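Enquirer: Okay, sequence plus prediction incoming.
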Amino acid sequence: MRDKINDLANAINETKSFIVNLSSIEDYGSCNLDTVIVDFTGWKQKEIDYLASVCGLRIGEKMNGWHKGYRFIFFQTNCQASGRTKIVESAAGKLKDLGISSASVWYKTD
């Protein structure tokens, strides 16, 4: 499990660096709550807490329903509308490119 934690931590940290370059993106339209989600099925809470501390970000509680086992990964977006959507889609895509196959986007308009 340690390798799995380290692999995800490295992918998250690389993704954080990647999305910093998107900070000047145009932001317009309706406010939304779009957020990256990743499947943490089989992870213990202490492992998730450790991952969050290593990466310096917050990881949400377990989701239910269609996304059972998934959790939010709250990347810093500095946007609240179309810019947020573009950043979280880019972050999920980067995580997938780095081997995190369960990375996806949870879409929610406010």
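Expert: Structure received.
Enquirer: Let me see the ranges of the strands in the protein.
Expert: Listed from the start of the chain, the chain has strands (DSSP state E) covering 35-39, 58-59, 70-74, 104-106.
Enquirer: Give the buried residues for the first one.
Expert: Which is strand 35-39. Buried residues in strand 35-39, counted by 16 or more other Cβ atoms under 10 Å: 35, 36, 37, 38, 39. C-beta coordinates here come from the backbone N, C-alpha and C atoms, glycine included.
Enquirer: Ok, stretch 68-87 next?
Expert: 70-73, 75, 77, 79-87.
Enquirer: How about stretch 98-107?
Expert: Of the residues in stretch 98-107, those buried (16+ other Cβ under 10 Å) are 98, 100, 103, 104, 105, 106.
Enquirer: and that stretch, how far apart are its ends?
Expert: Terminal residues of stretch 98-107 are spaced 22 Å apart (Cα to Cα, to the nearest Å).
Enquirer: For that stretch, which outside residues touch it?
Expert: 7-8, 10-11, 14-15, 32, 34-39, 63, 67, 70, 72, 85, 88-89, 91-93, 95-96 (Cβ atoms under 8 Å, 6 or more residues apart in numbering).
Enquirer: same thing but 7 Å
Expert: The contact list for stretch 98-107, computed with Cβ atoms under 7 Å, 6 or more residues apart in numbering, reads 7-8, 11, 14, 34-39, 67, 72, 88-89, 92, 95-96.
Enquirer: biggest helix in the protein by residues?
Expert: Longest helix of the chain, by residue count under DSSP state H: helix 2-20.
Enquirer: List the contacts of residue 12.
Expert: With contacts defined as Cβ under 7 Å, 6+ apart, the neighbours of residue 12 are 55, 73.
Enquirer: measure it to residue 110 for me?
Expert: 25 Å (Cβ to Cβ, to the nearest Å).
Enquirer: hey, what's residue 39 bridged with?
Expert: Under the criterion DSSP bridges, residue 39 forms beta bridges with residue 70.
Enquirer: That one touches residue 69, doesn't it?
Expert: Yes. With contact defined as Cβ atoms under 7 Å, residue 39 counts as touching residue 69 (5.3 Å).
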